[in-house]
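Colleague: this one's structure only:
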Ligand SMILES: [Zn+2]
């Protein structure tokens with residue numbers, strides 16, 4: 001008990017007012033002690049645990065040169081060999097792709113379109129590079145057991161269209177950094193300075209793409225982004241582009257009858273844009289995509305060019321250690337090998353049973369809570385109960401990582417030549433593209449995991465109606481099997497409740513119990529649900545962060561799904577704790593003269609999972625595009641809606657704002 005309380009006290013600022021700023025009360029001590037490391041854009045409980053998981057893997061990879069993952073890692077670590085080869089491996093890659101599209105001052109002819117279609121397929125299959133649209137294979141949202149080709153907008157170097165739209169490329173500091181990145185990259189790879197207008201041309205083209213893209217709020221709507229059509233219908237949207245030729249090359253002649261187009265208008269407008277874009281711009285843009293995708297895998301000077309740009313976006317002061325970079329790359333290339341290493345050395349099976357029991361209690365709490373909800377009709381409630389009962393869970397790791405035969409044969413084509421890191425990297429890129437393309441025509445693999453086992457995170461997959469908790473998160477500060485129950489329910493319990501609630505957030509609610517995008521709500525109830533959730537939109541839009549000497553508001557619409565999940569998870573996990581056998585929320589736990597009740601421990605444990613600090617640029621980037629609210633808002637937003645919290649900390653209501661309750 002002392003160890004637990006000691007750990008919690010050390011993060012607190014007990015002189016802060018728990019009622020007005022619970023985040024500061026729970027994490028103020030942590031904030032004043034912890035510094036964001038030079039090589040990080042943020043620092044948090046998540047980040048600290050994630051680093052410790054990576055350290056475990058690093059030791060295992062560094063300690064031996066035997067085994068596929070170790071070989072891969074050591075090839076990445078051999079910087080002498082990598083530096084000795086300069087940019088040559090990238091030039092050889094370009095040669096081997098045998099691209100035929102040529103620059104020119106005019107616009108594209110029909111021959112050019114044909115060449116372009118073939119080159120785009122080669123770029124993706126041979127180098128993992130996508131141009132001005134993205135194609136992929138995944139579960140059909142309305143028929144979740146079969147795979148379908150999906151088509152969507154893409155092609156920006158910066159991760160948000162807002163970085164481009166209504167910005168002046170000659171004064172905006174992010175676009176200026178991008179311009180320098182493009183210019184330096186071409187200079188380095190081609191061995192001579194490019195035409196001064198090259199970078200501007202690429203940025204102009206990307207800005208045109210950004211302008212015709214669907215906005216991020218609409219992209220969150222699974223109905224709006226589901227547009228299944230015959231591939232000939234998509235082809236008709238781009239009459240000059242031979243889509244069937246492209247798909248034929250991409251999928252090795254496998255028939256593609258249907259395509260789910262997430263952003264149909266984008267394709268209409270892209271067609272017009274391409275018609276008036278000079279060939280040279282298209283050519284330069286594709287060269288840029290190829291170079292920028294792999295620059296950081298070349299010699300130290302190329303890495304530095306690519307890192308300098310990420311610095312501008314995230315505010316980090318220096319690059320992470322090479323070891324850490326190579327651990328991440330090895331995990332990306334050989335995810336199941338790394339999961340195996342991590343689980344074998346760091347996971348205890350006892351945690352799995354504990355986690356399973358907690359999930360069952362939280363599921364029960366969700367179902368029980370339905371009885372208290374007044375805004376839902378009876379049938380919709382019954383359907384919600386049914387969906388909750390059908391949510392599957394995956395805990396810790398997939399069974400296949402302990403199948404040695406699978407590990408050997410599945411990853412056979414990934415190379416691990418000690419002197420050819422770049423080629424090893426490319427073999428991993430091609431492997432993952434092929435793995436994805438091969439899904440076409442096959443049923444959805446329900447056993448697949450979307451995260452490696454060392455990941456400090458969790459997710460809900462609406463098309464599988466499942467919640468997934470990798471081994472990496474089943475540790476402190478989320479979970480410790482011998483700590484007080486209130487601590488575990490406040491930590492991992494809230495995360496479990498959060499993921500389960502995603503099945504009933506503004507997106508998840510649109511999928512049924514089998515994972516199909518299909519309405520199962522009565523219209524009037526759906527309307528009341530939307531009214532309920534708009535309360536959260538307004539509440540979270542009030543939170544601000546400091547940026548550029550001013551303030552920036554959290555986007556309540558962008559973060560709605562996560563905020564519904566946070567508030568639901570928090571409420572459900574508390575109920576699950578309270579109803580768990582032998583729980584006494586008013587139990588006093590004392591420690592060197594100070595004391596907490598068990599329910600206070602629950603709230604503190606919840607808040608301390610979110611202790612976090614971010615650099616200004618990184619926080620700005622998060623608020624712009626991340627569906628998760630900043631950490632302090634996640635804590636203060638959820639407790640502000642909780643009557644039980646007020647009771648636990650003896651808080652008087654500060655304002656007349658109405659509390660937001662959905663689940
Ligand atoms: Zn979430």
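Modeller: Received the coordinates, thanks. Quick caveat, the model's predicted, so the values are computed rather than measured.
Colleague: Longest helix in this protein, by number of residues?
Modeller: Of all segments of type helix in the chain, defined using DSSP state H, the longest is helix 349-372.
Colleague: buried set for the helix or strand following it?
Modeller: Next along the chain after helix 349-372, taking DSSP states H and E as the criterion, comes helix 378-390. By neighbour count on 16 or more other CB atoms under 10 Å, the buried set for helix 378-390 is 380-381, 383-385, 387-388. The C-beta positions use only the backbone N, C-alpha and C, and glycine is treated the same way.
Colleague: Ok, stretch 207-221 next?
Modeller: By neighbour count on 16+ other CB under 10 Å, the buried set for stretch 207-221 is 207-210, 212-214, 216, 219-220.
Colleague: Repeat that for stretch 328-346.
Modeller: 329-331, 333-343, 346.
Colleague: contacting residues for residue 507?
Modeller: 220-222, 462, 561 (CB atoms under 8 Å, 6 or more residues apart in numbering).
Colleague: meant to ask about residue 496
Modeller: 355, 358-359, 362, 458, 467, 469, 569, 573.
Colleague: who's in contact with stretch 478-493?
Modeller: 1, 4, 8, 49, 350-351, 354-355, 358, 362, 469, 473-474, 477, 495, 573-574, 576-577, 580, 583, 585, 589, 598-599, 601-606, 608-609.
Colleague: and if you look at stretch 551-565?
Modeller: In contact with stretch 551-565 (CB under 8 Å, 6+ apart) are residues 216-217, 220, 460, 498-499, 501-502, 504-508, 533, 536-546, 620, 623, 625-630, 633-634, 637, 662-663.
Colleague: Identify those among the residues you listed that sit within helices.
Modeller: 216-217, 498-499, 501-502, 533, 536-541, 620, 623, 625, 633-634, 637.
Colleague: Buried ones from those residues, can you make that a ChimeraX selection?
Modeller: To isolate the buried ones among the ones in helices among the contacts of stretch 551-565 in ChimeraX, judged by 16+ other CB under 10 Å, type:
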select :216,498,499,501,502,533,536,537,539,540,541,620,623,625,633,634,637
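Colleague: Those residues of this structure touching the ion, which are they?
Modeller: Contact residues (CB under 5 Å from the ion) of the chain with the ion: 562, 565.
Colleague: Tell me which helix or strand comes right after the helix or strand bottoming out on mean pLDDT in the chain.
Modeller: Within the chain, no helix or strand scores below strand 588-591, which has a mean of 84 by mean pLDDT, DSSP states H and E. With elements assigned by DSSP H and E, the helix or strand that comes after strand 588-591 is strand 594-597.
Colleague: buried ones in that following strand?
Modeller: Residues of strand 594-597 classed as buried under the neighbour-count rule (16+ other CB under 10 Å) are 596-597.
Colleague: which residues touch the helix or strand just after it?
Modeller: Next helix or strand after strand 594-597 toward the C-terminus (DSSP H and E): helix 598-608. Helix 598-608 is contacted by residues 8, 11-12, 22-23, 25-27, 30, 45, 477, 484-491, 494, 570, 573-574, 577, 583-587, 589, 596, 635, 638-639, 644-645, 648-649 when judged by CB under 8 Å, 6+ apart.
Colleague: Please list only the buried members of those.
Modeller: For the contacts of helix 598-608, buried by 16+ other CB under 10 Å: 8, 11-12, 22-23, 25-27, 30, 45, 477, 484-491, 494, 570, 573-574, 577, 583, 585, 589, 596, 635, 638-639, 644-645, 648-649.
Colleague: just checking, which of those belong to strands?
Modeller: Mapping the buried ones among the contacts of helix 598-608 onto strands (DSSP state E) picks out 589, 596.
Colleague: what's the closest of the contacts of residue 496 to residue 199?
Modeller: Ranked by distance to residue 199 (CB to CB), the contacts of residue 496 are led by residue 458 at 40.4 Å.
Colleague: Ramachandran coordinates for the closest residue to the closest one other than its chain neighbours?
Modeller: Nearest non-adjacent residue to residue 458, counting by CB to CB, 6 or more residues apart in numbering: residue 469, 4.7 Å away. Phi and psi for residue 469, reported as degrees, to the nearest 10, are phi -130, psi 100.
Colleague: Which pLDDT value belongs to residue 469?
Modeller: Per-residue pLDDT puts residue 469 at 97.
Colleague: Which residues does it form beta bridges with?
Modeller: Beta-bridge partners for residue 469, by DSSP bridges, are residue 395.
Colleague: And for it, the neighbour number?
Modeller: 28 (other CB atoms under 10 Å).
Colleague: ok, now the one 4 residues further on?
Modeller: Here the count is done by other CB under 10 Å, and residue 473 has 26 residues near it.
Colleague: Please apply the same query to the one 3 residues further on.
Modeller: The number of residues packed near residue 476 is 17, by other CB under 10 Å.
Colleague: could you list every residue that touches it?
Modeller: By CB under 8 Å, 6+ apart, the contact set of residue 476 is 7, 49.
Colleague: Need the contact partners of the helix or strand that contains residue 268.
Modeller: Following DSSP H and E, one finds residue 268 within helix 264-275. Contact partners of helix 264-275, identified using CB under 8 Å, 6+ apart, comprise 107-108, 132-133, 151-153, 208-209, 212-214, 227, 229, 234, 237-241, 261, 282.
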